[in-house]
Structure formats: C-alpha cells, structure tokens
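[1] how does the following fold in three dimensions:
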Amino acid sequence: MPDRFHSIYSHGFIRAAVCVPTLRVADPVFNALRISELAREAAEAHAAVALFPEMGLSAYSNEDLFHQDALLSATESALSRIVEGSRDLSPVLLAGAPLRFEGKLFNCAVAIYRGNILGVVPKTYLPNYREFYEKRQFTSGMNALSREVRLLGQTVPFGTDLVFEAGNVPGFCMAVEVCEDVWTPIPPSTYGALAGATVLANLSASNITVGKAQYRRLLCAGQSGRCLAAYLYSAAGPGESTTDLAWDGYALIYENNELLAESWRFSDDEQIVLADIDLERLVQERMRTTSFNDTVGIYRERLSRIRRIPFEFVVPRGDIPLIRQVERFPFVPSDTEKRDERCYEAYNIQVHGLMKRLAASGIDRLVIGVSGGLDSTHSLIVAARTMDRLGLSRKNILAYTMPGFATSRTTHENARRLMASLEVSAGEIDIRPSAMQMLRNIGHPFAQDQPVYDVTFENVQAGERTSHLFRLANRHHALVLGTGDLSELALGWTTYGVGDHMSHYNVNASVPKTLIQHLIRWVVDTRQFDSETSGILTAVLDTEISPELVPALTADADQPAQRTEEKIGPYELQDFNLYYITRYGFRPSKVAFLALHAWGDAERGRWSDLIPPEKRHQYDLPAIKKWLDLFLYRFFKISQFKRSAMPNGPKVGSGGSLSPRGDWRAPSDAEASVWLEELREKVPDPRVEKGST
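    Residues are numbered from 1 along each chain as shown. A predicted model of the protein is given here:
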C-alpha cells in the first residue's frame, strides 16, 4: 500500500467504475473494442474494479443466435483480446459472455486482471417468464459439474461459489452475480457477502419497462444494506436489439444502502460512472453488527465451501483525491428534504423521551436554567413542546436565568425575552452572592479582590447554578432538565457532578452542537413557534458560544473573555471528528483525510441552506490536525469518567450517544497515545511536504 496521505488507497478506499458501452448485436469484435476502451478510461481514473453489462461481448438480445457456433467462437476470440489488453490496466474487469463448458452453454461473468482470468461465474437463476426465455438457450450454474474449466489456454476456477480477494488490500474482496440473481429471495451475492465479500457486482442486461427502474434501485439499495456491502450494477444500454424490448443503460453504485453514483438513463452515448468505496467502513459495520455474523453461523456449512480466489492488486500510485461526497455536518444532511426529516425526527425523539420521563415519574413540572445560549435555549423549546403535547400549561416549566460574574447583557436579555415569549414561569436568581460566599469559604483569592479566574472560580459558578436548580426542583416537586450537549460530553467540556454535567433528565445528551444549531434553525424555518419566539431564537444563533464564567477584560461587557471554540476548537470540526471516531472507529489519519476533503475548500460540495454564507468556513490541514489532536487527548484520556456517570437521556442518532447505557462503553483510565501517535506520524506537515514530489 502507498504511504502517501493524499491518496484514497492509503485510507481504506477503492475506486469502482461501472461501464455501459455502446454495442452491436452479434458483433463481438466491435463490442470487445468498446469494452477495452472503457476499461482503459477506468484505468486512467485509477479504478480498482470495472463492471460491464451482462453478455456485453456478444450482446444479450441474440435469442437463438446463441446456438450458433460462429457467434460463440467469435465471442471467445474477442474475450481473448480483452484479456490480453488488460495486462497494463489497474482495474479488475468483470465482463459478460456466453461460454461453452461441459457441453452446456452458460451465461457467464468473467473476472479478468492483468492478463489473467481470475475465474468464471455462471448465472444461477435463469428467468423464463414474461419476456424472458433464457432456459431455451442457457444452463443454470447450479447444474454445472466442473469446479475448473479450460478457457483461452488457462485453467480457471468456475462456479457460483467464488469470491475474489486482493491479499494486499484489506477488505478488497468481491463476489459476482448476474442480473436475475439479485431478483431472487436469497441472491447468490448474499453468500458471498457472508463469506467476506465487501464488493458485490451484478452484470445485468435488464430491459426497461415503466416503473421498473425504481424497483431495480430498491433491489440494489436493499442488497447493499442487508449485506453491509457495496453493490455495483450495470444494465445494457445503446445497441441492444429493440425487436421486442427496450433498454435504458442504467448504472448504479450503492454502499450500505447509500447511493454513491448513477448514470443517465436512455443516454445515446456510452457511459462510465465512478465512486470511491469505503472498505474500512464496511468492515467496521460488519464487525459491530452481531446479527450479520450470527447469520454466518447459520450458513456455516455452505459458506465453508466457498472458494477464495487470491490475487495481488497493483495499487495505483500518486495523489488520488477522493471523489466521494463527504458531508461537512455528518449529523445533519445538506439535502433539504433529508435534513428536514432528520430534524423532525430528532426534535420529536427529544419531546417523546421527556414526555415518557414525566409520565413515568408522576411529575408534571420542570426546572431549567436558561442562559441565553444554544443548549439551554433548545432544551427550553423542547420542554415547551412537551408540555403542549401533554396538554399541560407551559407555566409548569420553572425557568430561571442565573447571572454570574461574567454574564453578558446579550445572553441575559435573550434568556429573559425567550422565557417571556414562551410564557413559562420565569424567574431570576443572582448567583454572585452565594458564589462569593463559597469562594470565601474555600479561601479563593477572588474573594480578597484578586483577579484570579481559574477552574475553581469557574466551577464554583457552575456548581451554584446546578445546586440552586436541584433545590428548586425539591421545593416545587419538579425534575431538573439538563441542557449540556453531546459535543461537550465528548470533549469533557462540562462541570462534573454538581455542575452542568448533572440533571434528572437531559434531552440534549445525544445531540451534538451542530445538530442543535440546525434544530433551532429548523424550528424557526418551519414556524414551530410564533414570530416573536423565532426572532429570539435567531438572535441566540447569532451569539458567540461562551460559558461566560470569566469576566470580560474590557469595559464592553458584551465581548466575552471566553470564546469556547478558541479553547476547544470549532464545534463543526469537533463534531466531524466525534462522528467518525465513535461511529466507525476510523484511524485519526483517515478522519483528517476526510475532514480535509469536507472542510478544505468552502467552494466544494454542498452546504445546508440554513448555513448563511458568512458562516461557511474552511480549514487547512494544520488546523484540522491541531484540533483533532486536542479532540483525541480530551476524548480518550481525560473525559470518559464524566460520560460513565451521565444522567439519563434519549439516544437520538447513530453515532450520537456517549451514554454507557445507550451506546458507548469505555474505561475511564485509558491512554490516548495510540491515537495521538497515529495522527502525528501519518498526517504530514504541509510545510515539509510542500517541496516533495
């Protein structure tokens, strides 16, 4: 494997090409030329695998011409040209041809790599209904007797039980099936996946009828999702006979139910679509999904008979940038429709979780501290909607703003206005007297008029707020509603115990900062509340994130002395790191590679329309490496003890819970060295690498 940071092949990806060549019916010479040309284009694009349609060498629509020796012999001859021409090409070629073995004719997929035939996979299920008559010409692979055949002077593996495995590229393992195979209850590729194949390829012809394209998409998506695999699909295109049928030339690439690439349908020209497949992601998903591996046990006897065909893959060299879409905000899709659905679900998960907790406890009141910042604002609007759903008055929400030594006019006013707008029971408790008494009691220099703003000074204020909230809950028979979010839990940016770490129930515990920002924007955009409330929510979004625990150093009290993101990094980057570290367990260098692709250029890729242009940031590799380094240290080394003792709260999204009961179980005294060393060794310093070639 190359050691260059800027190549996809250094980070567990391979590039796949699905090709739809122009062909002529019963003209193998022409068809071989077109296949070879597209194969070369795939190689120039640094592809590792190139898939072609079913019987693309002869054309699928030959009908009884398949029983003509001249056509079959010409097809074998054309196949030899493709094999010979593959010697200097990067991808494994998967081409379709009618081939004769055992006195039978099989509809075959031929795996070709650098002048060798790796194996031949015959079609298992031959459709013989409606417009299909394949059993008239072909024999099912189930009826083959041979496990090896002679083809073009080579003895090659033959059968439906083959998987092709690149021994030098972890996870690069392929299983192949042909058209109708995927339309059956248990496609042959299912067994290939259970035997370790991460890339499933379908050579298809598949004529088109009205409504069929959507069903094919669902089949490919579903098979990739069930098998935790990539699924490549190529249908026949321009040139097939239209005597009785029509063809749309559709090419698809899915990965675990996610569409990565698709071709145009009904194109007049041949096409090639490319996508980068994340093999490490697929392997990680299988490793975590115990039900997938339990299925292996059920079919162990059959799977033990599957033959693994090894080959050594020649990895393309040089810088090979990622062509895959990587969301800047992995917790929030940039697509408007998907984002709105995600926000709707997240918001209602929070509301329903709180509804159940109130019902189960027999308590109908909530106590919440409202700072005028993002997190408490979102918790408050969730609480308001919960009361609405339960048919209770919003006055049952006892909301308190609790100014301290560093509370700004802006946040204080936002908090008061929001509480009034939502018509909750609003109160204010100045914590400075009790905090000062605590500082005196413990002999802190600030109590003697010394400007010492250390962690003790900060946590005394956080503790006073939480202490007041719990005693208020006791007095009013209420539950303390937490406000701290997933991002803060990941970074340990929360005051443990008697502080913002603790509550009776925390609706935000599984919601990262970037999702909270989007949720509030979504609440405004979808008019969940009146226009006055929406205006206040917008003002909160425009306020700089700060814990407001250290007094401002200037006369302007609205300029916070603490800017959270200057201390622990931009939340948009740290949420990106959090997602890929916890959801997939990726190596830090891969996370940095993905982050550079997503955040390196503000002009590249899609942005959510809820992110205003002035907040569309970009980060270079040194910044990405710096903040990822900090994330790894804080996440793995110093913060787990807080997560091990966190309050209850609903899991909202995949990769979105750090609760030891919900999704994340880890030791509180682990070391971070393996992650930090991997990052520091594998991610280059651009200033050093700039002059390299």
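
[2] now do stretch 577-586, average pLDDT.
    In this model, stretch 577-586 has an average pLDDT of 96.

[3] just stretch 85-105 next, same as before
    Mean pLDDT, stretch 85-105: 97.

[4] just stretch 123-142 next, same as before
    pLDDT averaged over stretch 123-142 gives 94.

[5] what comes up buried for it?
    123-126, 134, 137-141 (16 or more other C-beta atoms under 10 Å). Backbone N, C-alpha and C define where each C-beta goes, glycine included.

[6] mind listing the strands for the stretch 51-200 of the chain?
    Taking DSSP state E, counting those that start in this stretch, the strands of the stretch 51-200 of the chain run over residues 92-101, 104-113, 116-122, 148-151, 154-157, 162-166, 173-178, 199-203.

[7] can you tell me the strand partners of the first one and which way each runs?
    If I follow you right, that is strand 92-101. If you go by DSSP bridges, strand 92-101 pairs up with strand 49-51 (parallel), strand 104-113 (antiparallel).

[8] those strands: which one's closest to Lys615?
    Among those, strand 49-51 comes nearest to Lys615, with 39.8 Å by C-beta to C-beta.

[9] ok so, going back, make a markdown table from the strands of the stretch 51-200 of the chain and add mean neighbour count and distance to Asp319 to it.
    Shown next, in a markdown table, are the strands of the stretch 51-200 of the chain (neighbours: other C-beta atoms under 10 Å; distance: least, C-beta to C-beta, whole Å):
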| stretch | mean neighbour count | distance to Asp319 |
| --- | --- | --- |
| strand 92-101 | 25 | 22 |
| strand 104-113 | 24 | 24 |
| strand 116-122 | 24 | 29 |
| strand 148-151 | 18 | 38 |
| strand 154-157 | 15 | 36 |
| strand 162-166 | 24 | 21 |
| strand 173-178 | 28 | 26 |
| strand 199-203 | 30 | 23 |
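
[10] from the centroid of this structure, which residue is nearest?
    By C-alpha atoms, centre = their mean, the mean C-alpha position of the chain lies nearest to Pro330, the distance being 6.6 Å.

[11] can you pull the contacts of the nearest residue to Trp664 once chain neighbours are set aside?
    Closest residue to Trp664 apart from its sequence neighbours, by C-beta to C-beta, 6 or more residues apart in numbering: Leu658 at 4.5 Å. Residues near Leu658 by C-beta atoms under 8 Å, 6 or more residues apart in numbering: 486, 489-490, 509-510, 582, 643, 646, 664.

[12] please apply the same query to Thr289.
    Contact partners of Thr289, counting by C-beta under 8 Å, 6+ apart, are Leu228.

[13] can you tell me how far it is from Ile397?
    As judged by C-beta to C-beta, to the nearest Å, Thr289 and Ile397 stand 40 Å apart.

[14] same check on Leu489?
    Counting by C-beta to C-beta, the gap from Leu489 to Ile397 is 24 Å.

[15] neighbour count: these two, which is higher?
    Set Leu489 next to Ile397 and count neighbours by other C-beta atoms under 10 Å: Leu489 wins out with 28 against 25.

[16] that one reaches Ser510, doesn't it?
    No - counting by C-beta atoms under 8 Å, Ser510 is not a contact partner of Leu489; they are 9.1 Å apart.

[17] wait, Ile638 sits on Gly492?
    Yes - counting by C-beta under 8 Å, Ile638 does reach Gly492; the two are 5.8 Å apart.

[18] quick one: which of the contacts of Leu658 is nearest to Glu262?
    Thr582 (30.5 Å).

[19] if we can go back for a sec, what's the spacing between the residue nearest to Trp664 and Phe292?
    For Leu658, the distance to Phe292 - C-beta to C-beta - is 24 Å.

[20] just how off-centre is the helix or strand where Leu630 lies within its chain?
    Assigned by DSSP states H and E, Leu630 belongs to helix 621-632. Put simply, helix 621-632 sits 20 Å off its chain's centre (C-alpha atoms, centre = their mean, to the nearest Å).

[21] residues in contact with the helix or strand just after it: which ones?
    Remark: after helix 621-632, the chain's next helix or strand is helix 640-644, criterion DSSP H and E. Here helix 640-644 makes contact (C-beta under 8 Å, 6+ apart) with 489, 492, 494, 496, 501, 658-660, 664, 666-670.

[22] in helices, which of the residues you listed appear?
    Leu489 (DSSP state H).

[23] just the buried ones from the contacts of helix 640-644?
    489, 492, 494, 496, 501, 658-659, 664.

[24] and the two most separated of those residues?
    Pairwise distances across these (C-beta to C-beta) peak at 17.1 Å, for the pair Tyr496 and Trp664.

[25] contacts only, for Leu486.
    Contacts of Leu486 by C-beta under 8 Å, 6+ apart are 508-513, 515, 578, 656-658.

[26] what mean pLDDT does the longest helix anywhere in the chain have?
    Assignment by DSSP H gives helix 336-361 as the longest helix of the chain. For helix 336-361, the mean pLDDT works out to 95.

[27] ok, Val367 - how many residues close by?
    If you count neighbours by other C-beta under 10 Å, Val367 ends up with 26.

[28] ok, now Pro321?
    13.

[29] measure it to Leu679 for me?
    Distance, Pro321 to Leu679, by C-beta to C-beta: 20 Å.

[30] C-terminal to the strand or helix carrying Ala17, what's the next element?
    For Ala17, the host element (DSSP H and E) is strand 13-20. Counting by DSSP H and E, the next helix or strand C-terminal to strand 13-20 is helix 28-44.

[31] would you mark the buried spots in stretch 219-237?
    For stretch 219-237, by 16+ other C-beta under 10 Å, it's 219-221, 223-224, 226-237.

[32] then stretch 537-549?
    For stretch 537-549, burial by neighbour count (16+ other C-beta under 10 Å) applies to 537, 539-541, 543-549.

[33] equivalent analysis for stretch 398-415, please.
    For stretch 398-415, a neighbour-count test (16+ other C-beta under 10 Å) marks 398-408, 410-412, 414-415 as buried.

[34] can you pull out the helices in the stretch 301-450 of the chain?
    Assigned by DSSP state H, counting those that start in this stretch, the helices in the stretch 301-450 of the chain fall at 336-361, 374-390, 409-422, 432-441.

[35] just say which of the ones you listed is most tucked in.
    Per residue and on average, the most neighbours among these fall to helix 374-390, with a mean of 22 (mean count of other C-beta atoms under 10 Å).

[36] in JSON lines, list the helices of the stretch 301-450 of the chain along with distance to Thr184.
    Formatted as JSON lines, those follow (distance: least, C-beta to C-beta, whole Å):
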{"stretch": "helix 336-361", "distance to Thr184": "31"}
{"stretch": "helix 374-390", "distance to Thr184": "45"}
{"stretch": "helix 409-422", "distance to Thr184": "56"}
{"stretch": "helix 432-441", "distance to Thr184": "70"}
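
[37] to Phe30, which of those helices lies closest?
    Nearest to Phe30 among the helices of the stretch 301-450 of the chain is helix 336-361 (43.0 Å), distances taken as C-beta to C-beta.

[38] chain center to that closest one, what's the gap?
    Put simply, helix 336-361 sits 21 Å off its chain's centre (C-alpha atoms, centre = their mean).

[39] what angle separates it from helix 374-390?
    70 degrees (axes from the mean of the first three to the mean of the last three C-alpha atoms, to 10 degrees).

[40] pull the number of nearby residues for Ala70.
    9.

[41] ok, Ala435 - contacts?
    Ala435 makes contacts with 404-405, 460-461, 464, as judged by C-beta under 8 Å, 6+ apart.
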